[in-house]
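Student: Fold the stuff below for me.
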Amino acid sequence: MTSKRRGVDSGFIEKVKQANNIVTVANRYMVVRARGKTHWACCPFHHEKTPSFAINELQQFYHCFGCGVSGDVITLIQQLESLDFYVALESLAKAAGMEMPAVIHDPEYAKTAKKKQRVLAALEAARGYYCGNLKGENLEYLHKRGINDDLIKLFNIGASTTWDGVIKYLRGKDFTDAEMVDAGVVVRNDKGNLYDAMGNRITFAIFNMYGDCIGFTGRTTSKEADIAKYRNTSQTMVFDKSSIVYGVDVLKKNKITSFIDRLIVVEGNIDVVSLVGAGFTNTVACMGTALTSFHARVFKRFTERIYICFDGDAGGQKATLRGLEILAAENLDVRVVSLPEGADPDDYVRKFGAQEFEKLLDDALPLVDFKLEHLKKTNPLKDNLDKTKYLKAAVEVLKPLAGTVELELYIPKVAEVAGVSFDAVKRAVGIPQTKQPAAVASVEVPKPSTSAYGKALDFVVASVLHNKDYVNLAELTDMAIDNFVYNSLVEKIRGHKGWKVSCVFDEFDEAEAKQLGHLINYSFEEGDGREKWKDCVKFLEQMSLQKQIDDLKEKYKQTDEAEEKTKIMGTIQQLNKRKKA
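Tutor: Alright, predicted model coming up:
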């Protein structure tokens, strides 16, 4: 049998699922705790403080009672990593040491996947080559900056000491020139000659969430003004600087052994290495780019409290402001660490030590405080015109808080700086507004039925879905289930010997699976259930028959033809006999 998912054999899909326990996989992205037979976590797809994300280890599926998302282990990876099905399947297969089969109906996709494998292989080979080259002056340089051998190994720091060494090495490993270029390891100049993109630089290997080396940052030790201090791998099929969190591979290792209560976000590779070396192990960098929603989603997988620690110069402050709203939109608790003008985290921790840096974290400002403080610093406030300008900008910062208790804490601060009354600030803020996370506000979560018919229907279909031993599909006629998706589910189960609840996510699309959400997590009463099954099946058939009778009676009233009336009445009599049987 072939799955509808990209034409991949369903048997292989099932093997991948069996090899990747959904609880183990989920625990890589969120804090999962067992309560009874179910594992619980705060949903990674909407903001919540009380866990409503339930993981059924026995049946290998998840369901959030807050926003309604459901799925199996493959769907989970798809949604968390923003991947299509095939790539998610491939990553799980790789984690289990399984080789992906050829894609049956998509040769172009298979060609791209093969090219990607070669690109990653070339990058991994280059990483090994660079790490083996780190010695002499380059190694001494790192040691002088407080980067010891353990950190060098942890972050896969290496060196390129020539312009063609890596080219010769990769050719010796049977990589073609084209593959080296595709990987971004080498660059072709205007004359068509190849050279090492990281030539004569210390290299910092960059990894994705799966532990694949996807590129490098090269730092020169030269003091020549015309040489850029840092150089990153150019854009490739696996490297996109705006979608990278440097240090996430180390962070994932930390998550396995310890709870992550905060995340420190800096700009550069050296900043990450230095802070980790100083004991701030949960530190990552956004590669010097503006913060994006991608970064926000990655951060949220580890913790909700984020400390932004960008450089203390004007550029760093502007970059901080640009990204704060994006993080706040993902309902992250954002704190901003203020560094002295011209300092960066690496400089500060090396000069003043870990204890002083910890004080900076303690003094970090929440988002609103930081924005108001920034307005105050960047506005001279010399006259009423300046104060009016400040007040208008400050009001825009406060408006999202309208109607909250928090607003009352900020009104006196703004009023004092602007030199106006509390009431003036309140009037400027305007009518209270309620701001809720969009992801939660727009979700319609399927709920269990409350009518007698709905309860009976839910019980019967849920019993079929969960393979209860009292279920006899021969007793269940199509007539008993007046619901297209429910009927489709039962018919699929009739012809599926190895049916499990998680098969729902293979056989139905997202919208249909959502309709079945409350049945997937149906709470059965204790006991055998055989009598209830028989009673409910009979009740459903009776209700179905009665509905048909009522419809025919209405049709009887509306027709004037004697022959048609006689025919309808005969059908009604037959249905009444079936009801009494």
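Student: can we go C-alpha only for contacts and neighbour counts from here?
Tutor: Will do.
Student: pretty sure residue 380 contacts residue 386?
Tutor: Yes: the pair residue 380 / residue 386 is scored as a contact, 6.7 Å apart, by CA atoms under 8 Å.
Student: What is the burial count for residue 566?
Tutor: For residue 566, the neighbour count with other CA atoms under 10 Å is 12.
Student: Next, work out how far apart it and residue 560 are.
Tutor: 11 Å (CA to CA, to the nearest Å).
Student: again, but for residue 389
Tutor: 79 Å.
Student: Looking at those two, which is more packed in?
Tutor: More neighbours surround residue 389 than the other of residue 389 and residue 560, with 14 against 9 (other CA under 10 Å).
Student: A helix includes that one, no?
Tutor: Yes: with DSSP: H, G, I helix; E, B strand; the rest coil as the criterion, residue 389 is part of a helix.
Student: From residue 203, how far out is it?
Tutor: Distance from residue 389 to residue 203, by CA to CA: 47 Å.
Student: Contacts only, for residue 232.
Tutor: Contacts for residue 232 (CA atoms under 8 Å, 6 or more residues apart in numbering) come out as 215-218.
Student: 10 Å - rerun?
Tutor: Taking CA atoms under 10 Å, 6 or more residues apart in numbering, we find residue 232 in contact with 184, 197-198, 203-204, 206, 215-219, 239, 241, 287.
Student: Select from the residues you listed every entry located in strands.
Tutor: 203-204, 206, 215-219 (DSSP state E).
Student: Would you mind giving the residues you listed as CSV with pLDDT, distance to residue 107 and neighbour count added?
Tutor: Converted to CSV, those look like this (pLDDT from 0 to 100; distance: CA to CA, whole Å; neighbours: other CA atoms under 10 Å):
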residue, pLDDT, distance to residue 107, neighbour count
203, 98, 36, 26
204, 98, 35, 26
206, 97, 30, 28
215, 97, 27, 29
216, 97, 31, 26
217, 96, 34, 21
218, 96, 36, 26
219, 95, 40, 21
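Student: Put together JSON lines for those residues, with distance to residue 525 on each row.
Tutor: JSON lines is the format used below for these (distance: CA to CA, whole Å):
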{"residue": "203", "distance to residue 525": "61"}
{"residue": "204", "distance to residue 525": "57"}
{"residue": "206", "distance to residue 525": "52"}
{"residue": "215", "distance to residue 525": "55"}
{"residue": "216", "distance to residue 525": "57"}
{"residue": "217", "distance to residue 525": "59"}
{"residue": "218", "distance to residue 525": "62"}
{"residue": "219", "distance to residue 525": "64"}
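Student: that older thread, so which of the contacts of residue 232 comes closest to residue 264?
Tutor: For these, the residue nearest residue 264 by CA to CA is residue 287; the value is 13.6 Å.
Student: which helices and strands sit right next to the one helix or strand residue 113 maps to?
Tutor: Using DSSP states H and E, residue 113 sits in helix 107-133. Using 3 or more CA pairs under 10 Å, 6 or more residues apart in numbering; DSSP states H and E as the contact test, the elements touching helix 107-133 are helix 85-95, strand 157-160, helix 165-172, helix 177-183, strand 201-207, strand 213-219.
Student: Quickly, which of these bottoms out on average pLDDT?
Tutor: Confidence, taken as mean pLDDT, is least for helix 85-95 of the helices and strands packed on helix 107-133 (a mean of 85).
Student: and that one, C-alpha only, in CSV?
Tutor: What follows is helix 85-95, C-alpha atoms only, in CSV (Å, rounded to 0.1, in the frame of the first residue of the first chain):
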residue,chain,number,x,y,z
PHE,A,85,6.1,15.9,5.1
TYR,A,86,9.0,14.4,3.2
VAL,A,87,11.7,16.4,4.9
ALA,A,88,10.2,15.8,8.3
LEU,A,89,10.1,12.0,7.6
GLU,A,90,13.7,12.2,6.4
SER,A,91,14.9,13.9,9.6
LEU,A,92,13.1,11.3,11.8
ALA,A,93,14.5,8.4,9.6
LYS,A,94,18.0,9.9,9.9
ALA,A,95,17.6,10.2,13.7
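Student: between that helix and helix 107-133, how many degrees?
Tutor: 40 degrees (axes from the mean of the first three to the mean of the last three CA atoms, to 10 degrees).
Student: Flag every buried residue along helix 85-95.
Tutor: Within helix 85-95, the residues scored as buried using 16 or more other CA atoms under 10 Å are 86-93.
Student: Report all helices and strands that that helix contacts.
Tutor: Taking 3+ CA pairs under 10 Å, 6+ apart as contact, the helices and strands that helix 85-95 lies on are helix 10-19, helix 73-81, helix 107-133.
Student: between it and helix 73-81, how big is the angle?
Tutor: Counting by the same axes, to 10 degrees, helix 85-95 lies at 110 degrees to helix 73-81.
Student: Can you name the residues in contact with helix 85-95?
Tutor: Contact partners of helix 85-95, identified using CA under 10 Å, 6+ apart, comprise 5-8, 12-13, 15-17, 19-20, 25, 73-83, 96-101, 103, 109-110, 113, 210-211.
Student: 8 Å - rerun?
Tutor: By CA under 8 Å, 6+ apart, the residues outside helix 85-95 that reach it are 5-6, 13, 16, 20, 74-75, 77-78, 99-100, 210.
Student: Could you check the angle it makes with helix 10-19?
Tutor: When the same axes, to 10 degrees is applied, the directions of helix 85-95 and helix 10-19 differ by 50 degrees.
Student: how distant is helix 85-95 from the center of its chain?
Tutor: 16 Å (CA atoms, centre = their mean, to the nearest Å).
Student: same thing with stretch 112-128?
Tutor: Worked out by CA atoms, centre = their mean, stretch 112-128 lies 25 Å from the chain centre.
Student: got the contact list for that stretch?
Tutor: Contacts of stretch 112-128 (CA under 8 Å, 6+ apart): 156, 158, 166, 170, 175, 179-180, 182-183, 185, 205, 212-215, 237-238.
Student: so for that stretch, what's the average pLDDT?
Tutor: Taken as a whole, stretch 112-128 has a mean pLDDT of 93.
Student: buried sites along it?
Tutor: 113, 115-116, 118-127.
Student: And the residues you listed, which is closest to residue 492?
Tutor: Ranked by distance to residue 492 (CA to CA), the buried residues of stretch 112-128 are led by residue 113 at 32.1 Å.
Student: In the stretch 401-550 of the chain, where is pLDDT below threshold?
Tutor: Applying pLDDT under 70 to the stretch 401-550 of the chain picks out residues 431-450, 477-480, 482-484, 495, 497-498, 509-513.
Student: Could I get the full set of helices for it?
Tutor: Using DSSP state H, counting those that start in this stretch, the helices of the stretch 401-550 of the chain run over 405-418, 422-429, 438-441, 452-465, 484-494, 504-507, 510-515, 517-520, 530-558.
Student: Tell me the gap between the fifth one and the middle of its chain.
Tutor: Read that as helix 484-494. 31 Å.
Student: Need the residues that contact that helix.
Tutor: By CA under 8 Å, 6+ apart, the list of residues contacting helix 484-494 reads 461, 464-465, 473, 478, 481, 499, 512, 515-516.
Student: before we move on, what about the first one?
Tutor: Helix 405-418 is contacted by residues 372, 376, 387-388, 390-391, 394, 398, 401, 421-422, 424-426 when judged by CA under 8 Å, 6+ apart.
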